[in-house]
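>>> pasting a predicted model and its sequence here:
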Amino acid sequence: MTRDLGFTCSCCGAHHPELPMNYSTIAPYVWDESFSDRSDSLLSSDQCVIQAQHHGHRPRIELEPTQHLLAVEQRTDITLARVREIAETVLHATADNA
């Protein structure tokens, strides 16, 4: 039995082959490409050093036990439809809605 783990996006109408279950970014928000030529700056998959100051500790996010929807979903459960909604938002984020 083949199970399609993808979804048809309500934003673009395309079928995405898989539903993302985690998200990442290429660089922290504070990184600027002009730093890449500096000897005191480094960006790798494990570290971010900008002008000899470390910024690259990977964040650990723990939500407080509030009634915020994301905190409730983390504690109780999240529906597949909600996972798809989040995926559509992240996959089609722009500077205006990010």
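Arrived safely, thanks for sending. Numbers count the residues shown, from 1 in each chain.
>>> what is the burial count for residue 48?
The tally of other residues near residue 48 (other C-beta atoms under 10 Å) stands at 20. Heads up, the C-betas are built off the backbone N, CA and C, glycines and all.
>>> that one contacts residue 31, correct?
Yes: counting by C-beta atoms under 8 Å, residue 31 is a contact partner of residue 48 at 6.1 Å.
>>> show me where this structure has its strands.
Using DSSP state E, the strands of the chain run over residues 7-8, 15-16, 42-43, 48-50, 53-54.
>>> okay if I get those strands as CSV plus mean pLDDT and distance to residue 92?
Formatted as CSV, these follow (pLDDT from 0 to 100; distance: least, C-beta to C-beta, whole Å):
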stretch, mean pLDDT, distance to residue 92
strand 7-8, 88, 13
strand 15-16, 88, 11
strand 42-43, 90, 25
strand 48-50, 89, 26
strand 53-54, 82, 32
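>>> distance to residue 66 for those strands - can I get that in a markdown table?
Converted to a markdown table, the strands of the chain look like this (distance: least, C-beta to C-beta, whole Å):
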| stretch | distance to residue 66 |
| --- | --- |
| strand 7-8 | 29 |
| strand 15-16 | 31 |
| strand 42-43 | 34 |
| strand 48-50 | 30 |
| strand 53-54 | 31 |
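>>> picking up where we left off before, shared neighbours, residue 48 and residue 31?
Common neighbours of residue 48 and residue 31 (criterion: C-beta atoms under 8 Å, 6 or more residues apart in numbering): residue 55.
>>> returning to what we had before: ok, which of the strands of the chain comes nearest residue 81?
In terms of C-beta to C-beta, the element of these nearest to residue 81 is strand 7-8, at 9.7 Å.
>>> give me the contact list for that closest one.
Residues outside strand 7-8 that contact it (C-beta under 8 Å, 6+ apart): 14, 15, 16, 19, 84, 87.
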